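**Student:** give the three-dimensional model of this entry:
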Amino acid sequence: MKELVVPFRGERYRETGEGRLSRLIAPPYDVIDAAARARFAALDEHNIVHLMLPEAPSGRGDRYGWAGEQLVQWRRTGALLRDAEPAVYVMAQGARLGVFVALAAEGYEARRVRPHEKTHAGPKADRLALLRTTRTNLESIFLLAPDRDRALEHALAEVAKRAPDATAELDGVQIRFWAVRGEALSRFPLPDAPLYIADGHHRYETASAYARENPAADRVLAFLVSAEDPGLVVLPTHRLIYGTGHRADAVVAAWRSWFDVAPLPAGVDPIAYLTQLGRDRTACLVASPDGPVLGLALKPDARLDEFRDLGASPAVRALDVARVETLVVRPLLRADASTPTLGYTADARDALASARQGASTAVLLNPTRVAQVFAVADAGDVMPPKSTYFAPKVPSGLVLRPVEG
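**Tutor:** Numbers count the residues shown, from 1 in each chain. You can find the predicted model right below:
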């Protein structure tokens, strides 16, 4: 069986000064809305959004074909240059360290790459159409390596001691970038299976589907981070229930069957309180426009066996997000006198502000732990939607990877 991760000949922007490179990169496609797309596109004619979220001019064909044509043109004019020899590419993004590698696009059957999310057909069809016309990985997936001996963590830290080859900034986060090649590459420890997808399930499944069409395209660009990295941050995704009939009071009695329920103490920081409340049990905060912020902590003797929709495996049934979705969020949705909608945010302060302003009822959670992500993936199960938010998002455009050769 072939190696799971290997070096590759990356393709990078010719101009890599911080001011210039900062205008060329962008977050992943799936967190860019129309306004953000327009903002990044306006920064530079070669910003990566012109390729990964293409918009063809009127009469110039479909947007996927347009992206392929633009990529050819960028290469022809020298905006993008291919490295002469294989390398791995280390990135420090704030405090987090990781490395760009080429991952085998082999699907999940071999269990060397393990998912924790369910995917949807629409995004995969979109990414596959783009991959077929560009034949290039324009952005990466995000992988975690268990790294129990911390070999990867230590190797990345050694690389980060030297002056970077390039620097940039994206959304207020400083980025440093190094190419590791030659003798240094021969000593660099590339981990083996299993590896776990943190973000980019749709992109990985798309790459695996394309590899079945085109056996020469058998790898995909991946950003690999040690699970032991002290800069690795997983945020919770808080729930926002929008509607006119905010009825938290209608479900408090039901919540008391499973949770100890009490108002947030006066003068206490809500986020610190939630952390303390959930230190050894499932907990959440519920902030509604018409009442106090409530702290809910699962009773030690709570019997959850009757809730079959918590999840198929014990690993999922143990997740805070699965329990809060089933026991707190769904009853709130049913109790709303209007037709409510569900929104999400990773910013706890925004969630609380939304409730204070009367816009929504907010349900705040503690983060899912990396060990829980691994446990769910090892069980072959999937988490509820929006269970994790790995921050910051891996930037697109620092290095590209042509999928053939």
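
**Student:** what segments of the stretch 1-150 of the chain are helices?
**Tutor:** Shown for the stretch 1-150 of the chain, the helices assigned by DSSP state H, counting those that start in this stretch span residues 18-22, 34-43, 49-52, 63-76, 121-134.

**Student:** export these to a markdown table and append columns for mean neighbour count, distance to residue 342 and mean pLDDT.
**Tutor:** In this view, the C-beta of every residue, glycine as well, is placed from N, C-alpha and C. A markdown table is the format used below for these (neighbours: other Cβ atoms under 10 Å; distance: least, Cβ to Cβ, whole Å; pLDDT from 0 to 100):
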| stretch | mean neighbour count | distance to residue 342 | mean pLDDT |
| --- | --- | --- | --- |
| helix 18-22 | 16 | 35 | 87 |
| helix 34-43 | 14 | 21 | 97 |
| helix 49-52 | 24 | 27 | 98 |
| helix 63-76 | 17 | 30 | 97 |
| helix 121-134 | 17 | 19 | 96 |
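
**Student:** need those helices in JSON lines with distance to residue 208, can you?
**Tutor:** Listed next are these as JSON lines, based on distance: least, Cβ to Cβ, whole Å:
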{"stretch": "helix 18-22", "distance to residue 208": "30"}
{"stretch": "helix 34-43", "distance to residue 208": "27"}
{"stretch": "helix 49-52", "distance to residue 208": "19"}
{"stretch": "helix 63-76", "distance to residue 208": "19"}
{"stretch": "helix 121-134", "distance to residue 208": "10"}
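
**Student:** out of the ones you listed, nearest to residue 294?
**Tutor:** helix 34-43 (34.1 Å; Cβ to Cβ).

**Student:** which residues does the closest one contact?
**Tutor:** With Cβ atoms under 8 Å, 6 or more residues apart in numbering as the test, helix 34-43 has contacts from 23-24, 26-27, 32, 47-50, 53, 55.

**Student:** filter the residues you listed down to the buried ones, ChimeraX style.
**Tutor:** One line in ChimeraX is enough to select the buried ones among the contacts of helix 34-43; burial here means 16 or more other Cβ atoms under 10 Å:
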select :23,24,26,27,32,47,48,49,50,53
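
**Student:** what is the nearest of the contacts of helix 34-43 to residue 16?
**Tutor:** Checking the contacts of helix 34-43 one by one against residue 16 (Cβ to Cβ), the nearest turns out to be residue 24, at 8.9 Å.

**Student:** next up, phi/psi of the closest one, please.
**Tutor:** Phi and psi for residue 24, reported as degrees, to the nearest 10, are phi -110, psi -20.

**Student:** check residue 287 too.
**Tutor:** Phi and psi for residue 287, reported as degrees, to the nearest 10, are phi -110, psi 120.

**Student:** excluding chain neighbours, give the residue nearest to it in space.
**Tutor:** residue 355 (3.7 Å; Cβ to Cβ, 6 or more residues apart in numbering).

**Student:** for that neighbour, which three-state class applies?
**Tutor:** For residue 355, the assignment made with DSSP: H, G, I helix; E, B strand; the rest coil gives helix.

**Student:** can you check the pLDDT for the residue located most distally from the centre of the chain?
**Tutor:** Distance from the centre of the chain peaks at residue 253, with 36.0 Å (Cα atoms, centre = their mean). What the model reports for residue 253 is a pLDDT of 90.

**Student:** the strand or helix carrying it: what's the following helix or strand?
**Tutor:** Remark: residue 253 resides in helix 252-255, with elements defined by DSSP states H and E. Sequence-wise, the next helix or strand downstream of helix 252-255 (DSSP H and E) is strand 259-263.

**Student:** picking that back up, show me the contact partners of the helix holding residue 253.
**Tutor:** Contacts for helix 252-255 (Cβ under 8 Å, 6+ apart): 261, 294, 296, 327-328, 331.

**Student:** dihedrals phi and psi, residue 369?
**Tutor:** Backbone geometry at residue 369, expressed as degrees, to the nearest 10, gives phi -80, psi 150.

**Student:** ok, back up a step: pull out the buried positions in the helix holding residue 253.
**Tutor:** Result for helix 252-255 [16+ other Cβ under 10 Å]: buried residues 252, 255.
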